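S.K.: Below are the sequence and a predicted model for it; my questions follow.
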Amino acid sequence: MTYEVEPPKYLRLAQTLQRRIEDGTYAPGTRVPSENQLVQTFGMSRPTVVRALELLKRDGWLESRQGYGTTVRGRPEVVEQKDRRGRGALERDESHAAGRLIEVGHVPVPPRVASALGLPKRTEVLLRRFLVEEDGEAVELVSSYFPADLAEGTELGSGEPLGESAREHLEARKKIRFDHVVERVSARLPDAGEAVVLDLPDGVPVLSVLVVACDASGRSLQVSELLLPADRQELEDTYRLN
């Protein structure tokens, strides 16, 4: 059984403030609202607000200037340079990518994906499953899920590779805009079918990267699960020390 754990309040607030920096609501060099203002605006406790601001300072989005308060630095350079697997999944052109489309069809939504899409359990969604290969070796299995109403009137249900990314296709066909992505990384054992596709020996776990792509309102447009053989992966991050 899979349990979906909601991110803590301070992290959700930090993500909201980060999006406002990215969309220009809080421009570089300007002051962010005071702690009191943030408490009132978001209805959160002062410790939650303080922790969210400290997280953004640590990651380079904000800085404290004596006598001037907390100001916006803008998008940190290390964030621009960071490898984003979720972006790769959303922007992959299947017709030119290394690998092959191995499954397309409507399936009951998995519990973890249902939670991310805000759908009732067992609702049917459209699945596109792509196997990424390098030198003939399977290196990543990408399962992308789309609400049935969103996929209607598009080519996502076709068994042929798309000649553009799913993101580009949806934005053009449905007149929507992808705004931000939330990635959740966990580890688990693959099921029998996943182990066969990825050619994994018994007992080898996979890293699961759940990629939730949303519009500006927070509505989930697409959920992709990236499965990577754990014995062939290394995660690396870069961050500032204050």
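M.R.: Everything's here; your move. Source: prediction; values computed, not measured. Numbering: from 1, shown residues only.

S.K.: got the domain boundaries for this structure?
M.R.: Listed by automatic domain parsing, the domain ranges of the chain are 9-81, 85-232.

S.K.: pull the helix or strand with minimum mean pLDDT from the protein.
M.R.: helix 77-81 (a mean of 53; mean pLDDT, DSSP states H and E).

S.K.: Dump the domains of the chain into a markdown table; add mean neighbour count as well.
M.R.: No exception for glycine: its C-beta is placed from N, CA and C like everyone else's. Converted to a markdown table, these look like this (neighbours: other Cβ atoms under 10 Å):
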| stretch | mean neighbour count |
| --- | --- |
| domain 9-81 | 15 |
| domain 85-232 | 16 |
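
S.K.: looking at those, which one has the lowest mean pLDDT?
M.R.: Per-stretch mean pLDDT for the domains of the chain is lowest at domain 9-81 (a mean of 84).

S.K.: What is the distance between that domain and the centre of its chain?
M.R.: Mean C-alpha position of domain 9-81 versus that of the full chain (Cα atoms, centre = their mean, to the nearest Å) differs by 20 Å.

S.K.: got the residue ranges for the strands in the protein?
M.R.: 62-65, 69-72, 99-108, 124-134, 137-147, 180-188, 206-214, 220-229 (DSSP state E).

S.K.: out of the ones you listed, nearest to residue 12?
M.R.: Nearest of the strands of the chain to residue 12, taken as Cβ to Cβ: strand 180-188 at 9.9 Å.

S.K.: Please state the offset of that closest one from the chain centre?
M.R.: The answer for strand 180-188 is 6 Å, by Cα atoms, centre = their mean.

S.K.: Just want the angle from that strand to strand 206-214.
M.R.: Relative orientation of strand 180-188 versus strand 206-214 (axes from the mean of the first three to the mean of the last three Cα atoms, to 10 degrees): 160 degrees.

S.K.: which helices and strands does strand 180-188 pack with?
M.R.: When contacts are defined as 3 or more Cβ pairs under 8 Å, 6 or more residues apart in numbering; DSSP states H and E, strand 180-188 sits against helix 9-22, helix 85-90, strand 206-214.

S.K.: could I get the ones you listed as CSV with distance to residue 168?
M.R.: Formatted as CSV, those follow (distance: least, Cβ to Cβ, whole Å):
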stretch, distance to residue 168
helix 9-22, 20
helix 85-90, 9
strand 206-214, 13
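
S.K.: Just confirm residue 70 contacts residue 63, I think it does.
M.R.: Yes - counting by Cβ atoms under 8 Å, residue 63 is a contact partner of residue 70 at 7.3 Å.

S.K.: Residues that sit against both of the two, list them.
M.R.: Listed as contacting both residue 70 and residue 63 by Cβ atoms under 8 Å, 6 or more residues apart in numbering are residue 57.

S.K.: show me the contacts for residue 167.
M.R.: For residue 167, counting by Cβ under 8 Å, 6+ apart, the contacting residues are 90-91, 178, 213, 222.

S.K.: now, among these, which is nearest to residue 161?
M.R.: residue 91 (14.4 Å).

S.K.: That closest one and residue 149, how far apart?
M.R.: 23 Å (Cβ to Cβ, to the nearest Å).

S.K.: what pLDDT does residue 7 get?
M.R.: Note for residue 7: predicted pLDDT of 61.
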